[in-house]
Structure formats: structure tokens, C-alpha cells
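Chemist: can't give you the sequence, but here's the structure:
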């Protein structure tokens, strides 16, 4: 779910438009079959038993035979790469997101908890929301005008396609798979956003008749009008329906759209540039628990008695502004990964600090349009079922956010160690200390060096990581040996990261081989049927680095019932973490993993520090 990272520094240069730089972004390569097969076996070594590994080795040998099935599938993938924009991204979008039938909150949509704002009443809420909306429109203008700074990684321009996808788009449920509707490129693109307060949706036009965006003062006056029209709190929370299992929501969606009024209201939400959720205040709690509670609020709304009805989870971008100063966003990631969202957030918060002071035109603004819904007994039942299911899901999620303050990314960089690899190895040690083994660990790496690239997987559970954690827990082992193995583990992770960034990781290639076989009506290769493959893709540690200049952290739910999700934002002098798990699994505990991770980071710091001159 995404959740991706840009490793190393990012440069940005203005090319006077994206066209020239985008034409130099190369197509994504199809890795050599023999390379993927050997790297796949190596990835299995720290995870499976010798007999299981031997079974997989036989499957790999069978698939790699000259003139065999593997060679045929490889040639088909190479032909596909020649005739498509990107040979795997559409497959990935469908497989990872649109075909999933799990609810979007917790299971799919990532959220970002931003620093608490310095207001605590509705006046401050609307003032901040007005600046935020203006800031987002300012960012959108840069995309529309092709003046957004093109991002660079290691001297190479990155594909900027995802920025075009995040506005005026929405996921729509379907019977077997969902699809994403994009409205930004239509003849008359949308000029409105959706604002939701007390479970009531409003269509707010955000451009003047001359095409200029509304000023902060104009937006503020319109938000005041919305507030005056949304006092009642007894409205049915229509947005709760979007939190359901996708098949269930798909059926309710079709029922809902039979009525013309409902159809018009749903279309207005789907077509909107983005959504702003004006949340009611939530119960205060200790400072230690506040960040975790706020992250949960962004992730799912806090439950049906809180703000979950103030969401439309299918919408690509939803900004959340609470009356108590809580703020953040949640996004549907079928269209984009974390880095474009983080860039947007950095821009918007900078804008909120120094908004443009533009004189408001002396023209009357149209009243924001309230969106009505006709609720039949059948729809009412659907809403009640959705409420129950969402509250069960929310109660099952255990989320812990914390800030590690003993060092930030500057510490490993000082010793010429990759900060991301340093954190990933610490995470392997933390898990090993709890369970006595490593597990399949996925970390998303951006493939935006390539045209239409999405992500591939960095596998952090390596042979080198296993050797390090075993020696780290050996009281007889000396500090020099531990440090040497730590550096080997960090180097192995950094090497895999580089391979992934260059389009040479294994997981998207394996997916392509499997789906190509299905597309051609061939037998699925045996390697996808054995125990090792099931183990290797049962991601008990789902991790991601989403770097932002803002002092924030992204959060999402685990990929499997007995797993964890760990996301982090390494800042120069501290690191923000979110850790989540499901309460229904007796073997997992987010708080324990968070504490184990903190201790592991300290222990790695202690290993490195004696080397200081």
C-alpha cells in the first residue's frame, strides 16, 4: 500500500515545462530471467528451511531451462515492454490495489499526521482550512502550468506523471475489481472541491469567473457559509459506506445511484479536485498518546461516533482539519505513492506560513451547494452494517507513533552509512529479538526513474542481516565483529536498494512472469505454487520511508493479519515512526515492537560510536 521512498538526495531544476525532461525518462527495463531467478533463491535463504529451499531451486531450474516456459514468458514480457507505456505498472495497479476487496481504510489508504496547529476552536479551524485550500490550489496551478520543479535523483529526471493523477480523481467500486476515474483531462475539468462537516457534503467552487483561484479571504467567507448550513449532527453518515468491503460497497453504490439526486451528489464528490474534512474535536488524552490518537484519526476517522462519517475513502486526496488543531490527510494510493504527496504537503504548509496576500475581487460569490442524499430503508440498512464493520476494524487496529530523539539521519550519514539502511537493519534486529527469526520484509522503492514507473520491493531480510542479528545476540561476540557485520548488513541493503531503483529487483518481474502466463492461458510456473513463495510474499513487516521536510509521519495498516506496518520519516536530528498491528493476533504487539525498535537503534548507535575519533 505504499507507500514508497526516494533514497538519497533529491535535486530539482526548472525545465520551463515538463516535456523536455520527461522525454528523457527511459522506459522501465525487464530484468534478465537468470538474474531474477538467482536473486530470488538468495532472497529465500534467510526465510525458509533447507528442504523448502531445495524444492524452490528445482522449480527455478525447471523455469530456467533453455527453450522452456520461462524463456517464452520472458520474451513475451520484453515484447510487452516495447509496445506499452510501462510493462508492469498497469498490472501492479490492478493486482495491488484495484482487485483487492478489502476495505480501503486501514488496509489500503495511507494517512499522514501533520504537526498540531496552534488553534483550538472553530475560528482557527476555518482560518487554517482556508489557507490550506489556497495552498493546494497554488500547487495544482504549478502542475497545470508545467512550472512545478522537476524532481531529480542522482542526476536523472524522475517521471512526474503521478502529480497529474492526484487531483480530480476518484476510485469507483466494481463487482470484480475497481477502477479509477480521472476528470482533470476532460474538456471542462472540475472547478470545485468538496467540503464535509458534520457528515454533510458541500460543493465549493474555488475559482472566480475569470479563472483565478479564490483568495484566502474568499475561501474563508465560503467556509463560514458552509458552517452556518451544517449545524445539525443527526445526518446519516453517507461516507461510511465507502469504508465497506469493496463488493459490499459496490452493491450499495449501485443501489445509491438509482436515484437521480444521489447520483448527482456522488458525481460531484468524485469529480471534485480534492476533499476537505472539517472534523469535530476529539477527546483529549496524554501527550504521550496524542500523536498515536491523531494518526488513527487521520487513518480512519476515529469511529462512527467520531469523525469517520466525515470521509469519502474512495477520494484520491482528502485533507483533514480538526477543530482542536489536529490536521493531516488520507489518500487513495491506486494513483500515486507517498513522495508526491509529501512534496504537496511540504508546499502547502510552507504556503500556510506565508500565504499570498491578494486583494479579493469585489464580486458576490455563489452560495456553496449542499449535496443531498435520498436515503431509502435499504440504504439505511447498508449504512448501519457499514458502521458496525468499520468500528470492528478500528477496534482491531493497534497503532503507536513515537519520535526517536537520540539521533536523526545525520548520525549514520556522519559515518558514511545510509540512514534508510541503518533503520532497516535496526528493524530486523528489533523483530529478531521478539521472535527469534527474520520474516519477509517489504520496503517500497520508487521506480520513477522510468516512464510511468510505480514501485518495486526492497527485501530487507537478507543473509547479511541474519548473520548480524545472530551475532548481535551472542554475548560471546566482540564489538568489532558486530560492527563489521552491521556494516555488511547495511551495505547489502544499500546494494538491494540500488538494484531496485535501477529496475533490477525481483518482485515486479516475478509478478509479470506469473500474469503473463495467465494472460497467455499457460500453466502458472511451479515456483509460484510452493511453500517458499507463499512465505516470501507473506509480508509480516510492511515498511516504508516517506521523507518530508515537515515534522510529520505517514501511517498505514499491516498487509497480513499476523504482521506489522512500520513507516518513518528521518529528519536531521530525530526520526518519526508509526507502528501498527492487529489486536486480533495474539502474537503481534505494536507497543512491544516500537520499544524493541527504539532499543535496537540505541544499540546500533553504541556500536558505531566507539569508532569516533
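Modeler: On my side now, so go ahead. Keep in mind that what you see is a predicted model, and the values were worked out from it rather than measured.

Chemist: the helices in the stretch 101-250 of the chain, which residues?
Modeler: Assigned by DSSP state H, counting those that start in this stretch, the helices in the stretch 101-250 of the chain fall at 122-144, 161-165, 216-228, 246-256.

Chemist: in a markdown table: these, plus mean pLDDT and distance to residue 456.
Modeler: Backbone N, C-alpha and C define where each C-beta goes, glycine included. Below are the helices of the stretch 101-250 of the chain laid out as a markdown table (pLDDT from 0 to 100; distance: least, CB to CB, whole Å):
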| stretch | mean pLDDT | distance to residue 456 |
| --- | --- | --- |
| helix 122-144 | 97 | 25 |
| helix 161-165 | 94 | 15 |
| helix 216-228 | 97 | 40 |
| helix 246-256 | 97 | 25 |
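
Chemist: hang on, residue 327 packs against residue 117?
Modeler: Yes. Applying CB atoms under 8 Å as the test, residue 327 and residue 117 come out as touching, 5.7 Å apart.

Chemist: using a markdown table, lay out the helices of the stretch 101-250 of the chain together with mean neighbour count and distance to residue 376.
Modeler: Formatted as a markdown table, the helices of the stretch 101-250 of the chain follow (neighbours: other CB atoms under 10 Å; distance: least, CB to CB, whole Å):
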| stretch | mean neighbour count | distance to residue 376 |
| --- | --- | --- |
| helix 122-144 | 20 | 33 |
| helix 161-165 | 19 | 34 |
| helix 216-228 | 18 | 27 |
| helix 246-256 | 19 | 8 |
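
Chemist: nearest to residue 548, out of those?
Modeler: In terms of CB to CB, the element of the helices of the stretch 101-250 of the chain nearest to residue 548 is helix 122-144, at 14.0 Å.

Chemist: that closest one packs against which elements?
Modeler: Contacts defined by 3 or more CB pairs under 8 Å, 6 or more residues apart in numbering; DSSP states H and E place helix 122-144 against helix 216-228, strand 275-279, strand 317-322, helix 338-353.

Chemist: give the buried residues for stretch 302-320.
Modeler: Along stretch 302-320, these residues count as buried under the neighbour rule (16 or more other CB atoms under 10 Å): 302-304, 306-320.

Chemist: circling back: output the helices of the stretch 101-250 of the chain in CSV, with distance to residue 401 appended to each entry.
Modeler: CSV is the format used below for those (distance: least, CB to CB, whole Å):
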stretch, distance to residue 401
helix 122-144, 21
helix 161-165, 26
helix 216-228, 29
helix 246-256, 28
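
Chemist: of those helices, which is nearest residue 484?
Modeler: helix 161-165 (40.2 Å).

Chemist: from the chain's centre, how far out does the closest one sit?
Modeler: Distance of helix 161-165 from its chain centroid, counting by CA atoms, centre = their mean, to the nearest Å, is 15 Å.

Chemist: so which residues make contact with it?
Modeler: 143, 148, 180, 182, 184, 316, 335-337, 340, 448, 451-452 (CB atoms under 8 Å, 6 or more residues apart in numbering).

Chemist: swap in stretch 244-251?
Modeler: For stretch 244-251, using CB under 8 Å, 6+ apart, the contacting residues are 100-104, 173-175, 178, 241-243, 252, 382, 385-386, 389-390.

Chemist: next: stretch 536-543.
Modeler: Counting by CB under 8 Å, 6+ apart, 1, 3, 40, 43-44, 47-48, 424, 427, 431, 439-443, 460-461, 507, 556, 558-560, 562-568 sit against stretch 536-543.
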